[in-house]
Structure formats: structure tokens, C-alpha cells
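Peer 1: Sequence and predicted structure are below.
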Amino acid sequence: MNVMKSARLARGWAGVALAAVGVWVASPVDAAESGAYVGAAYGVSRVDGADFDDDDQAIKVFLGGRFNPYFGLEVAVNDYGDSRDGAFSSELLGNTLAAVGFLPLNDRFELFAKAGRLWWKDKVRVGDSFRDTLDGNENFYGVGANFLVSDAMGFRLELERYEVKLSRSEIGVELDGTFDVDVVSLGVFLHF
């Protein structure tokens, strides 16, 4: 008899939990409307260029503004980590400005795509013979998804692609001039 009672009690609690989740998911969230947001993200960066290939951590802080539920602008400060391959090392930092298009799928979940400009600085070192800080600016793009847990907070999963171009005359050594930097990150943001 205790087994039957426990099974009914478990089914009852499961029903209550399911109903609570249903109410939570169905409740409206207005975070997809116009306004400002600020957030931070942590992820993995992958640098790939000819014979060079390395993975490291990536960190960014971002600030954005939405003009309506579908369009906004976003600025970010990015640290792509330290990449090494043999005698070559690179510490890439950058600031970005992007136009962001949002596609709300419901009150809690939306997809987004962005395109913009990266202003980068790269501390390059090749063995003990060459050290320099290079800079430039390139286009970049990204896609992602926002999951809103309340009208003031959400989580973001994002993939961004940056193409950093270094000319051989800038570097002074025999390296490929284009490096793809892919970043996959998970972030949190506050909307106000």
C-alpha cells in the first residue's frame, strides 16, 4: 500500500511541476521590445590560418539598444585569448559595432543575426626575434539565440566569425596573411 501511495504522490507532484513550468513558459515577457541591454559572455575562440591553428578562451562584454522588436545596434569589447603555434603567439583584442536583426519566435525565445565592424589589436610574437603590436579593422558576422527567463534577464548562445588580415609586410615573417577567428560563447544579459 505504501508503494501505491508513493506512486500517486509522485504523479501528483509531477503534475504540479509540469503545470508550474507551463505557466512559467506561457507567461508573457516583454524583453523583446525596444530598450537597452547589457551583458557578458564566455566561450571558446578558434584561430585558424594556413599552418596556424589554436583554441583558447574568449570573453566579451556587450551593450546594445533595440529600436523595435526586430532591429538594434550592439557594441562589444572582446578578448579572444592567447593563441600559440610553435614559435608564433598572438594575443588578439577587439572592439565591435554591429547591426543586429532579431526574429522573435515567441515571448521567451528569439534568433538573431548580426553584421558589423571589428577594430582589432594583436600582440604578435615570433620566437625571440620579432615582437610587435599590429592593428586593423575588418567586417564580421554572427548568429545566435536569446532565451529570456524574465522581462529583465536572458541567456544568449552565439557563434561569431571574424577574419583578421595581416600582410606579410606588417609581420615581417613568412606567415599566411588571413586568420579566421571563430567564437562560440554563452552569455547572460540584462534588459532595461
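Peer 2: Structure received.

Peer 1: Any stretches of the protein with poor pLDDT?
Peer 2: 1-32, 49-54, 85, 87, 166-177 (pLDDT under 70).

Peer 1: what about the strands in it?
Peer 2: Under the criterion DSSP state E, the chain carries strands at the ranges 35-49, 52-68, 71-85, 88-104, 109-126, 130-148, 153-165, 178-191.

Peer 1: partners of the third one, with directions?
Peer 2: Looking back up the chat, that one is strand 71-85. Here strand 71-85 has these sheet partners by DSSP bridges: strand 52-68 (antiparallel), strand 88-104 (antiparallel).

Peer 1: Please apply the same query to the last one.
Peer 2: Here strand 178-191 has these sheet partners by DSSP bridges: strand 35-49 (antiparallel), strand 153-165 (antiparallel).

Peer 1: Can you give me the buried ones in the last one?
Peer 2: Buried residues in strand 153-165, counted by 16 or more other Cβ atoms under 10 Å: Gly154, Arg156, Glu158, Glu160, Tyr162, Val164. (C-beta placed from N, C-alpha, C; glycine too.)

Peer 1: mind putting the strands paired with strand 71-85 in JSON lines, mean neighbour count and distance to Tyr42 included?
Peer 2: Formatted as JSON lines, the strands paired with strand 71-85 follow (neighbours: other Cβ atoms under 10 Å; distance: least, Cβ to Cβ, whole Å):
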{"stretch": "strand 52-68", "mean neighbour count": "16", "distance to Tyr42": "6"}
{"stretch": "strand 88-104", "mean neighbour count": "18", "distance to Tyr42": "16"}
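
Peer 1: With distance to Ala145 as extra columns, can I get those strands in JSON lines?
Peer 2: Converted to JSON lines, the strands paired with strand 71-85 look like this (distance: least, Cβ to Cβ, whole Å):
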{"stretch": "strand 52-68", "distance to Ala145": "15"}
{"stretch": "strand 88-104", "distance to Ala145": "10"}
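
Peer 1: just to revisit the earlier point, for the strands paired with strand 178-191, give me JSON lines that also has distance to Gly116.
Peer 2: JSON lines is the format used below for these (distance: least, Cβ to Cβ, whole Å):
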{"stretch": "strand 35-49", "distance to Gly116": "16"}
{"stretch": "strand 153-165", "distance to Gly116": "10"}
